[in-house]
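Q: This is a predicted model, with the sequence first.
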Amino acid sequence: MVENNTVSVSKGVFVFKNNFKHTSMLSHGNTSKMFSKNLWHKEFNLLWNSISEDIEVLTCNMFSLMTKDLLSYIRQAYYNSSVCEIPTAALLTGINMPDHDKQFKNLKRQIINDVSPHVALLNSQDCSSVKSLMDNMVYQFLNNSGWDKSSNGNFGNNFKKSQLNLSLLERWYENLYYTKNKSAQPINKNLLIVVLPNFESFNIGVLQKFILIASSYLQKLPFLFVFGIATSISTLYTAFPYHVSSKISIKVFKNESSIHLLKKILENVFLNSFCAFQLGGKIFNLFTDIFLFYDYSVNNFIQNIKYTMMEHFCYGNAMALCSLDRNDVKNTLNIFKSEDFENVRHLKSFRQLVESESYQNQINLLTNDVYLKGVIFENIVILQKYIRRLHIFLRCLYILVSDLPGHPLGKHLYELYATCVSEDVTKTPQYQECLRLLSFQSQNNLCVKLNEIVAILDESINKNSKRTQMKEFYSKIKDYIILLNDLNDAEMDVVDESISPNNSFTNCTDRKSLKESLLLRTKSRMEPLTKYAKLRKDILETISSNFEIHLVQPSSLCFYEIFFFDDISIQNKIIGIHRTAIHTALNDPQVYLQCNCCKLNNSHSIKPKMPDICITYKLHLECGKMINMYDWLQAFLCIIDSSFNAENNTNSKINPQYQARFTRAVAELEHLGFIKSSKRKADHVSRLTWGG
Amino acid sequence: MCEEVKQIRVYLKDKLLNNNVLLCLENERTQLADLLLKTLDYGESNSILIIGSIGVGKTRLVNSVINELSEKGKFRTDSLLVKLHGLVHTDDKLALKSITFQMKLDNAVDGKVFGSFAENLVFLLGCLRGGEKRCSKSVIFVLEDFDLFCAHHNQTLLYNLFDISQSAQTPICVLGITCRLDVIQLLEKRVKSRFSHRQMFIYPGPEDESKINQLDSVLVHIKWYLEIPYKARIKISENRRKEWNQALDLLLKDKKFKNIIQRLIDLELNFNSIKHFLLKCICLLSNNISFSVVLFENELNLLEKDEIINTLRDLSVLELCLIIAMKHHCDIYDNQPMNFEMVYNRYVKFANKHASIQTIQRPVVMKAFEHIENLELISLINCGNSRVQKEYQFFKLMVTSQQLSEAIGKFCGLPTEVLQWANSSLT
Amino acid sequence: MASKQSALCQTFPCRENQIQQLWNLFGHVDEVFPPTVYIYGGPSTGKTAIVTKFLEILDIKHAKVNLIECYTAKILFESILDQLTGHELDLSTGAPYAKCDNFMDFIDHLQKVSEKFGLSRSVIIMDKAEELRNMESNLLPGFLRLQELTGVSVSVIFLSEILFEKYYFRLNIVEPIKIHFPQYNKDELLEIISLDFDLARELVANNFNQPIEFDRDFFRNYLNVFLSVFYRACRDLSELRHTSRNNFIKYCEPIARNEISMKNSMALWKNISPILKSSLDVLYLRVTTDDSKRPLENLAENIELPFYAKYLLIAAYLASYNSVKDDKRLFMKYHGKKTKSQHDIKRKSKVSEKLNTQMGPGIFTLDRLLAIFYSILQDKVGFNNHLLVQVSSLVELQLLSLASDNTTLDGRKYKCNVNFYCIQSLSKMVGFNIRKYLSDFSHM
């Protein structure tokens, strides 16, 4: 378990590799102690686990595709007899992919399972020289030789480091495959596969030598390289000079870009009607901006969402109602205590509810828990319906507008989502613009879109339920499609009928009349609506009317806070600004300590009550590049020791306790990297941080 | 080829390659022999440096002297020979190890711990003082590539050896063999002071450095190498042997041949190279029974060829263009270093001027550049930090313009534009 | 004997002369071998192949070591001994025939071995001999005089790509006999490559469903066309062979599609020449991608960076290739009236070799980088950790490189590793005029 090895006497900093399983374990681990009994925490765990699982599955599928053809490449790499260059697979894994290492570990496992038991995975940090690289590789080959552990799996570990060289490897390989039939070509000899997860961080010179060596052994040892390249294939090209690059033949495999991955995850995990927790528009935009502008890191994105979820749920048990399952909600309500109801009453939208109600009901709402329970329940049910439909109609809308010229509502579904949850989309000018554009849609275009919409509705409507608006809408669209199809034959004559009135400009002599005739003509084009146009018109009307019903902004519904989180204030917590944070912490501890003993009237003043490190820090801000320790100490004493005054008792001995405190504070500053002891000047330290 | 020629070849090759017979240098031999005898017989310690250029036969001299002595039975049971080589015994620890081994004292030493190097060495020599009170065994140290021993950590070995040779302990004689004339300067003061400044300079040919004598001595060598003496162990008919030797004499008298040898000497006077030269000639010796002057001449021409030109002619047109660009750069900015960017730009300017030159992508040109670097026709000037991009590393050209122009002259299938460009005075 | 020689010449065409020379030195039984031979010549001129085959044919006992592989001298010594003694590594211990930590050990082990097995007339081949110069200083002269040092008549063959005179940097170097393997010329190349006629057949058979029957002349024609494009750029046999194979398929495709008849060489040439041109651009880079577009595109085009990271990179480039004194002029909106000083005139008349963009990147501090970043970036960006993280991740990707030690927190110095072409296209992508901000171009 993780927390066991993080329990330590010294308050050290512990680094965790940042992949999902790990973090979720953490959240189980040390938070469960405190929160496990709380309803909201249970709910959170449920939700988060399901989400993280979904994400896991998604990412795996994404990589599996690339892995598949990589494996096939590896299989057929040595089929054609004359291999004179080392076959090399270059995996273009974009930067900041989530769990990059994990991906390569999986890759290794898969290779071992399906292709060859001999895989060496080399990390740059332990391949600083050719020798270390060789030792490392040979050791791995000899020791984890896949399946046949029994025969020769574990003899490798009794070698001395000095003996691990290629000739040994060669001998070992022969012993594995050639001995059976010395003369003949060995049957199914497995490849020796070398995997370098992060190519850029390797020392180029070492790699060049390594490749040359490997190629000199190619006839006896069938090597195959797998490079993980973050930037682009041309780095390979610049890295290797001519005589090296001619030794390898590279096959490129491209990973899907992280933007793509993000889109997938969003649409399949968060933006669907199975996920109870909904991101508010502002937050959502914030996250997407962070992603697009700062780091292409899907991992961070997900972590951010997780953070918001925590923030959301720890509001209190009211959030335990954040679930899309009716019975669930019922059960939770049944075990609600009165303080939980209080917690609900504190929701902002509750007030609106109250104000909207009659006096008697107001009393009930505020006092009568049982009554409130009922109200909550029906509201929740409404919300649940709302959310389901929101997503369904979102997709419908997306289908309609996604390919419009100029993308008034954005290219991607998530952009659309952001607008929809932050305002009534149907009231926005962009939406109107879309409608206008849609009203020029050609018939078959429209037809296609409608079909798609139907498809969506199909999968999302449960047939055996009673009549709902959804159902009506669904059937309406269906009818429309039928109508459209019937229209096809009728269309023709209608069209030429509509063309006929346009006679040539015989009667127009001057520009004015010409203009009029043109105007009139355009009118005549508009005014006799063709059958299709009519149909299109009321199709759009019905659809948009439905949109107006369902695509309202969530804040209009009460108790929406239970499902939607839209508190932009967490921004400062998500986008860290460490320099300012540290500075304020040391400069004005009161901000964090929340104690009134060291409240400052102006930022420069120093209070003796402040922690020693703060005092030393503020003093050192006044110094230049070099700081004289003695003066520093004097200043320090001036502040903390009221009885002390520098003039007369400089010679008198300093209270050792104070000195100890000072020394400790200085040590802490050094640990934080603000100062460092310098050789240049006796009993001085040099200051490392910004400005003077 | 016929049987006898085979025989001759075998014989000559063998004679050429593994013989340790010494020609001339008679007085040096006697000198050296006396020196050694002093040590062996009267137990006088001594030290001498034998200095001479590569292949004049320093080692052979020493070996022959020692062999002679041992044949005379001078090397009695109470004297030892210790050979060290600068290339093999690269530090004093190794040297000491092998001294111990060569003195067959390993069993005496093992288990013992020595404070210092000197202690150890003294102990070794002390071991030689046999139980009986007679003078102890005398030791002869032969230090080949003496100059390399000077590089050892504060010359401990040399210091101790010379020190012992000064003090009247075990009689030892230190023979240093080196090809460095300035070897004395390499010695530290304390070492130099203990060295008896006895040096023996060995010249190719007789003492007085006059060409004609050199030629003679070389001819003597050649004669010795190539002739088949009376009772040589070789299965050819007697008159064949006579024939051969007569032919050889004629050859050596030949004026043209003498010129060739003179050229060879001027090229470099070094017996190894002469040997190689002769070896190649012998190799060419097939059906025709005797040497011909032409044969020697061809070999010499091959030898005189400038190899850089060969390498230049092995380049592709693109690479040659780059070299030309570099040369122009050197001419303009008198031999200032250049980097890829500059060369590339110069090349591109040229390529754009002439439509017929096919345009080649930058990366490919880069590879060509790297190839040139591999051949070390240009050498890197590393200025401080190593982690500079390839494009910006500075190089300097190692090809002279004469070599380049000659190579271009010989280059077959060179486009005329390139030719003109190469010859064009810098623009 | 002679038959063997001719056989060798058969397998390695256009090398008769060199083989003859080798033969003269090593070919004859009961003739003494020369102590050292130095064989040099360009890459893939058949040095290694010929020598090894030659020794195998004459079954001369030999040990072959590739110096690149010997990153320690120990490996060199031990592998030589193992090969000469035919010692097989014991897999349980992996112990070599004899432990050699230094040259001395090697020497006397070699002597022992020669007493035991008899090493006369045996050869040590040292491939990539130029590496010897980077190893212990005594090895190169040592191996050049191996016979003299050991007294064992084992001869050493050095194989290298560089001239022997490149070894003259210390004294007591004994010059060996030299054999030069010259690069193949055009006709010879044609000769040699046309030997894989059968292989080409096979290739075609594998690639097209219906078999195409063609004769040698057809293949040679193709090779003529091929060489006419490639020969000037490259004379490396292995490279040319590789490329020719790849392109031959493309050459045959129209025939397979029954568009062009096999006779119509003109049309075939028309068809292939653009393909050859494009594959000339990726010469030496053995890359095959699934997508048809040129595998080697600009770094900028397929690297995915966050928006700000792109700008950071551009800023870094500007910082690297502008001198500090130009910053004010370039990046400040209102830097006042610029008076034409003598210095500026000089800059205008700067010769191309002195341009910053040709002298290589300069070093800049983080502060300067950020300052430029903010000045070229129009919209207002908060200064936060994500930004700083981007800087370090650019370093991680080797697009920037750290040029100072890590002691100081804010005095970090960096260097930009991206070339102009890349940065140009990158700034095109984000819609930024790089030339306007480079002091090399700004005055143009």
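A: Cool, the structure landed.

Q: from here on, contacts and neighbour counts on C-alpha atoms
A: Noted.

Q: Which residue is the nearest non-sequential neighbour of the one residue in chain A that gets nearest to chain B?
A: Nearest residue of chain A to chain B (C-alpha to the nearest C-alpha) works out as A:Y242 at 5.1 Å. Spatial nearest neighbour of A:Y242, excluding adjacent residues (C-alpha to C-alpha, 6 or more residues apart in numbering or on different chains): B:K367 at 5.1 Å.

Q: before we move on, which element is that neighbour in?
A: Assigned by DSSP states H and E, B:K367 belongs to helix B:362-374.

Q: next one: C:E115
A: Secondary structure assignment for C:E115, by DSSP H and E: helix C:103-117.

Q: And the pLDDT at C:A319?
A: With respect to pLDDT, C:A319 scores 91.

Q: Tell me if whatever helix or strand it lives in is near chain B.
A: Using DSSP H and E, C:A319 sits within helix C:307-321. No - judged by C-alpha under 8 Å from any C-alpha of the partner chain, helix C:307-321 stays clear of chain B, getting no closer than 12.3 Å.

Q: The strand or helix carrying B:F123: what's the following helix or strand?
A: Assigned by DSSP H and E, B:F123 belongs to helix B:117-128. The helix or strand immediately downstream of helix B:117-128 is strand B:138-144, counting by DSSP H and E.

Q: now could you export just the CA positions of that following strand as CSV?
A: Below are the C-alpha coordinates for strand B:138-144, written out as CSV (Å, rounded to 0.1, in the frame of the first residue of the first chain):
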residue,chain,number,x,y,z
SER,B,138,74.6,-9.1,-12.3
VAL,B,139,71.4,-8.0,-14.1
ILE,B,140,71.1,-6.4,-17.5
PHE,B,141,68.0,-4.3,-18.1
VAL,B,142,66.9,-3.6,-21.6
LEU,B,143,64.4,-0.8,-21.8
GLU,B,144,62.9,-0.5,-25.3
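
Q: follow-up on the earlier one: what residues does the helix holding B:F123 touch?
A: Contact with helix B:117-128 is made by B:L96, B:T100, B:L105, B:V109, B:F114, B:S136, B:K137, B:T156, B:L157, B:N160, B:T170, as judged by C-alpha atoms under 8 Å, 6 or more residues apart in numbering or on different chains.

Q: What number of residues are in the vicinity of the last one?
A: Counted with other C-alpha atoms under 10 Å in any protein chain shown, the burial measure for B:T170 works out to 21 neighbours.

Q: just the fourth one next, same as before
A: Neighbouring residues of B:V109 were enumerated by other C-alpha under 10 Å; the total is 16.

Q: Tell me, what's the model's pLDDT at it?
A: 72.

Q: before we move on, what about the first one?
A: On pLDDT, B:L96 comes in at 86.

Q: cool, and B:F395?
A: pLDDT, B:F395: 91.

Q: Next, work out how far apart B:A368 and C:R241 are.
A: 17 Å (C-alpha to C-alpha, to the nearest Å).

Q: ok, the two, which is more surrounded?
A: The residue with more neighbours, out of B:A368 and C:R241, is B:A368; 23 against 17, by other C-alpha under 10 Å.

Q: If C:I179 is in a bridge, with which residues?
A: Listed by DSSP bridges, the beta-bridge partners for C:I179 are C:I39.

Q: Next, count neighbours for it.
A: Quick note: C:I179 (other C-alpha under 10 Å) scores 18 neighbours.

Q: so it touches C:T36, yeah?
A: No - C:I179 is not in contact with C:T36 according to C-alpha atoms under 8 Å; the separation is 11.2 Å.

Q: What residues does the stretch 301-444 of chain C have near chain B?
A: Contact residues (C-alpha under 8 Å from any C-alpha) of the stretch 301-444 of chain C with chain B: C:E353, C:Q358, C:M359, C:G360, C:N417.

Q: Contacts only, for the fourth one.
A: Read that as C:G360. B:E391, B:Y392, C:Y321.

Q: Could you count how many residues lie near the first one?
A: If you count neighbours by other C-alpha under 10 Å, B:E391 ends up with 19.

Q: Tell me how chain B divides into domains.
A: Domain segmentation of chain B under automatic domain parsing yields B:3-17+B:211-304, B:26-202, B:308-425.

Q: Please state the offset of the longest one from the chain centre?
A: Put plainly, it is domain B:26-202. Taking the mean of its C-alpha atoms, domain B:26-202 sits 23 Å from the chain's own mean (C-alpha atoms, centre = their mean, to the nearest Å).

Q: Quick check: end-to-end length of that domain?
A: So domain B:26-202: terminal residues 11 Å apart, C-alpha to C-alpha.

Q: ranges for the strands of the chain?
A: No chain was given, so I picked chain A. Taking DSSP state E as the test, the strands found in chain A are A:86-92, A:118-121, A:192-196, A:223-229, A:248-254, A:278-279, A:564-565, A:626-628, A:675-677, A:684-687.

Q: I was after chain C.
A: C:36-41, C:62-66, C:122-127, C:154-160, C:177-181, C:287-288, C:363-365, C:400-402, C:413-416.

Q: ranking these by mean pLDDT, which is last?
A: Among those, strand C:287-288 scores lowest, with a mean of 67.

Q: Now, the contacts of helix B:117-128 that are in helices?
A: In this view, these that belong to helices under DSSP state H are B:L96, B:T100, B:V109, B:T156, B:L157, B:N160.

Q: isn't the fifth one right up against B:D92?
A: Yes - using C-alpha under 8 Å, B:L157 and B:D92 qualify as a contacting pair, with a distance of 6.1 Å.

Q: Neighbour count: the two, which is higher?
A: Taking other C-alpha under 10 Å, B:L157 and B:D92 do not tie; B:L157 has more neighbours (22 against 18).

Q: measure the more buried one to B:N272 for me?
A: 31 Å.

Q: coming back round to it: name the residues that touch the helix holding C:E115?
A: Helix C:103-117 is contacted from outside by B:88-89, B:94, C:77-78, C:81, C:85, C:98-100, C:119-120, C:139, C:149-152, using C-alpha under 8 Å, 6+ apart.

Q: For chain C, which element, helix or strand, carries the lowest mean pLDDT?
A: In chain C, no helix or strand scores lower on mean pLDDT, DSSP states H and E than helix C:342-348, which sits at a mean of 54.

Q: show me where pLDDT drops low in chain C?
A: Across chain C, the ranges flagged by pLDDT under 70 are C:1, C:169-172, C:287-302, C:333-355, C:405-410, C:442-444.
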